[in-house]
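Asker: kindly return the folded structure for what I paste below:
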Amino acid sequence: MKNLLLPRTSISAAATAAAVAAAVTVSLVVSGCGGPATAEAGGGSAAGGREVKTVRYQGSPNNVSLLELAEDLGYLGDVKLEWVSNTTSGPQSIQSVATNQTDVGGAFTGAVIKLIEAGAPVQAVINYYGEDAQTFTGYYVEEGSAIRTARDLIGKKIAVNTLGAHHEAVITTHLKNSGLTPDEIKQVQLVVVPPNETEVALRKKQVDAGTLGGVLQARALAEGGVRALFTDIGVLGGPFDAGQYVLRKDFLAQNPETSRTVVTGVAKAIEWERTTGREGVIAKFEEILAKRGRNESPEALKYWKSVGVASTGGQIQDNDFTRWADYLKSAGIVTGELDTNKLYTNEFNSLAATASASTSKG
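Answerer: Got it, this is the predicted structure:
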């Protein structure tokens, strides 16, 4: 399959436009222009006040999400998941929620903030990915590459899964911390490559550096011939949570118990991964992949290391958002201080620990 390597500048503008479009579209959906919602179709409570029991989502190829794990472990009770499609883009995942194409989706914290700041009525409900000593994102070059420092990246191409999200935030922060000027940072070209193809693109010299995390990172390291130039946990310190699942505010209001079941189910799945032996987790992932029948390969699953989520049960805190404030301001996504009150709630996470007034939004 031919890769479409897209420059950062064109995609960043498109991403901003998409976020605004998502906000406009969702306002039409909420106002009733999207037609009546049903339990079968998702997107709101069913007639007669009954809550929906089918929740739409996007998956990821060759991967088992916390949502899918929660359902398989029985943590969702009578709530069923409806797989709509696959995506490797967090911004696309949450924009699909905002536009009522799906009910739950997840993305990098900065992308969540960007969408909400654009006016989309979604809210973060639980952390679903993060970084720790075992699970982190690395930015890799070939072993023999002349690239050794951040300055060596000027004029080079770095593969990322999408723009305006986690990888761009970390790369920009690293370059800035390393002394590059804004004009020099603009000369480091970020190109979009599907995660499953990043290692190949790097080894074939289609890009100068590639973003690798999780099982894809472990597989590349096992193959050898690559080295980390820097890592996100090295740039930001850790462990830390980096992305949240979001639901639409109308869905939360109309389906509070279904929302609580889904969010708490994910929280339980996080702790199941944390407390279950590695071999047990991998075996469960392989079982789920085989059962869903999407013609996927389980090969990469054997490299799984840890859940990565830093907080107990995925509980969200203010600093999950404020951590990215400098990047968001430099990118023009936000001005002034972040209003975390409108960004998240722990109300639907029954596993969330009792928090102080400054961190609890529920």
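Asker: ok, the residue positioned nearest the centre of the chain to residue 94 distance?
Answerer: By CA atoms, centre = their mean, the chain has its centre lying nearest to residue 107, at 2.9 Å. Distance, residue 107 to residue 94, by CB to CB, to the nearest Å: 4 Å. (Glycine included, C-beta is placed from N, CA and C.)
Asker: any weak-confidence spans in the chain?
Answerer: 1-49, 353-362 (pLDDT under 70).
Asker: could you list the domains of it?
Answerer: Residue ranges for each domain of the chain read 8-131+245-342, 137-236, as given by automatic domain parsing.
Asker: next, the distance between the ends of stretch 101-111.
Answerer: Between the opening and closing residues of stretch 101-111 there is a gap of 18 Å (CA to CA, to the nearest Å).
Asker: and it, how far out from the chain's middle?
Answerer: Distance, stretch centre to chain centre, for stretch 101-111: 7 Å (CA atoms, centre = their mean, to the nearest Å).
Asker: so what's the residue nearest to the centre of the chain up against?
Answerer: Residues in contact with residue 107 (CB atoms under 8 Å, 6 or more residues apart in numbering) are 90, 91, 93, 94, 115, 165, 243, 244, 246.
Asker: how about it, secondary structure?
Answerer: Assigned with DSSP: H, G, I helix; E, B strand; the rest coil, residue 107 falls in the strand class.
Asker: excluding its backbone neighbours, what's nearest it?
Answerer: Using CB to CB, 6 or more residues apart in numbering and skipping the chain neighbours, the partner closest in space to residue 107 is residue 90 (3.0 Å).
Asker: and residue 152, by the same measure?
Answerer: Closest residue to residue 152 in three dimensions, ignoring its sequence neighbours and counting by CB to CB, 6+ apart: residue 146, at 6.8 Å.
Asker: burial count for the one you found?
Answerer: 8 (other CB atoms under 10 Å).
Asker: what's the answer for residue 166, then?
Answerer: As a burial measure, the neighbour count of residue 166 was computed by other CB under 10 Å and equals 25.
Asker: with residue 254 instead?
Answerer: Using other CB under 10 Å as the criterion, the residues surrounding residue 254 number 18.
Asker: try residue 214
Answerer: 19.
Asker: identify the residues contacting it.
Answerer: If a contact means CB under 8 Å, 6+ apart, then residue 214 has 135, 303, 304, 305, 308 as its contacts.
Asker: right, and the first one touches residue 308 too?
Answerer: Yes - with contact defined as CB atoms under 8 Å, residue 135 counts as touching residue 308 (3.7 Å).
Asker: those two: which is more packed in?
Answerer: When neighbours are counted by other CB under 10 Å, residue 135 and residue 308 differ, and residue 308 comes out ahead with 26 against 22.
Asker: let's verify that one: helix, strand, or coil?
Answerer: On the three-state scheme (three-state DSSP), residue 308 is labelled coil.
Asker: now the strands: where do they sit in the stretch 51-200 of the chain?
Answerer: Counting by DSSP state E, counting those that start in this stretch, the stretch 51-200 of the chain has strands at residues 54-59, 80-86, 104-108, 122-131, 137-142, 157-160, 189-192.
Asker: contacts only, for the residue lying closest to residue 316 once chain neighbours are set aside.
Answerer: Using CB to CB, 6+ apart and skipping the chain neighbours, the partner closest in space to residue 316 is residue 344 (4.6 Å). Residues in contact with residue 344, defined by CB under 8 Å, 6+ apart, are 123, 124, 125, 244, 316, 320, 321, 361.
Asker: for residue 183, state which of these is nearest.
Answerer: residue 321 (28.5 Å; CB to CB).
Asker: am I right that the closest one sits in a helix?
Answerer: Yes - with three-state DSSP as the criterion, residue 321 is assigned to a helix.
Asker: surely it touches residue 116?
Answerer: No - with contact defined as CB under 8 Å, residue 321 does not reach residue 116; the gap is 10.0 Å.
Asker: residues shared between the contacts of these two?
Answerer: Both residue 321 and residue 116 are contacted by residue 343, under the criterion CB under 8 Å, 6+ apart.
Asker: helix or strand: which one has the closest residue to residue 76 other than its chain neighbours?
Answerer: Counting by CB to CB, 6+ apart, residue 76 lies nearest to residue 265, which is 4.6 Å off, once chain neighbours are set aside. Secondary structure here is read from DSSP states H and E; on that basis residue 265 sits in helix 256-275.
Asker: buried residues in stretch 265-284?
Answerer: Within stretch 265-284, the residues that qualify as buried are 265, 266, 267, 268, 269, 270, 272, 273, 281, 282, 284, counting by 16 or more other CB atoms under 10 Å.
Asker: ignore what I typed, I meant stretch 202-217.
Answerer: Buried residues in stretch 202-217, defined by neighbour count with 16+ other CB under 10 Å: 202, 206-217.
Asker: now residue 232. Its backbone dihedrals?
Answerer: Backbone geometry at residue 232, expressed as degrees, to the nearest 10, gives phi -70, psi -30.
Asker: quick one: it from residue 325, how far?
Answerer: Residue 232 sits 16 Å away from residue 325, going by CB to CB.
Asker: the more surrounded of these two?
Answerer: A side-by-side neighbour count of residue 232 and residue 325, using other CB under 10 Å, places residue 232 first with 24 against 17.
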